[in-house]
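> Pasting the sequence and the predicted coordinates here, then a few questions.
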Amino acid sequence: MKTKDFVSVGILCLSLTVSSVTVQANEVNMYMGAITMSYARFNAAQTVADARKALANMRTAAVAARAQKPSALANAPTNNPKLKVYQSEIDRLIAEIDKTGKLVNAGKLTEAKTEGRKILQLRDEGHAAMKH
């Protein structure tokens, strides 16, 4: 292989790697936005069915976000302490979504909305934990 071809292939590989990291970071942001939008739908829900659907969308987005790395940790190894904190915070969020979902499934929409406020609290705590 010629040096020129080798350099071209190297640049192409580097470009693909950088764009892949950027896409992953954008996916985390997209999932976080979906959680926020679904929370708003949950909070506005007038029926158990609407609340259940919003919580399901929130949970799906949270699980998907957990599978990705945030942009600040895009190159971090899987045993990175900050990445473990990120995953732990997402796990707490998923657990709260599930807890709220149990109330919705029991037909306790008013109680679920009160409990559901903790979802935003956990989101904010998670954001704060990632900034430190």
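Structure received.

> ok, the nearest residue to residue 115 once chain neighbours are set aside - contacts?
The shortest distance from residue 115 to any residue that is not its chain neighbour, by CB to CB, 6 or more residues apart in numbering, is 5.0 Å, and that residue is residue 100. No exception for glycine: its C-beta is placed from N, CA and C like everyone else's. Under the criterion of CB atoms under 8 Å, 6 or more residues apart in numbering, the contact partners of residue 100 comprise 42, 55, 112, 115, 116, 118, 119.

> Poorly predicted segments of this protein, please.
By pLDDT under 70, the weakly predicted segments of the chain are 1-25, 132.

> got the residue ranges for the helices in it?
3-44, 48-66, 81-105, 109-131 (DSSP state H).

> can you redo the ones you listed as JSON lines with distance to residue 73?
Putting those into JSON lines (distance: least, CB to CB, whole Å) gives the following:
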{"stretch": "helix 3-44", "distance to residue 73": "9"}
{"stretch": "helix 48-66", "distance to residue 73": "12"}
{"stretch": "helix 81-105", "distance to residue 73": "5"}
{"stretch": "helix 109-131", "distance to residue 73": "9"}
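
> Looking at the ones you listed, which is nearest to residue 75?
In terms of CB to CB, the element of these nearest to residue 75 is helix 3-44, at 7.1 Å.

> before we move on, back to that, which one of the contacts of residue 100 sits closest to residue 49?
The shortest gap between residue 49 and any of the contacts of residue 100 belongs to residue 55, at 11.0 Å (CB to CB).

> The closest one is in contact with residue 104, isn't it?
Yes. Judged on CB atoms under 8 Å, residue 55 makes contact with residue 104 at a distance of 6.2 Å.

> re earlier: quick one: closest of the helices of the chain to residue 74.
Across the helices of the chain, the minimum distance to residue 74, taken as CB to CB, is reached by helix 3-44, at 4.4 Å.
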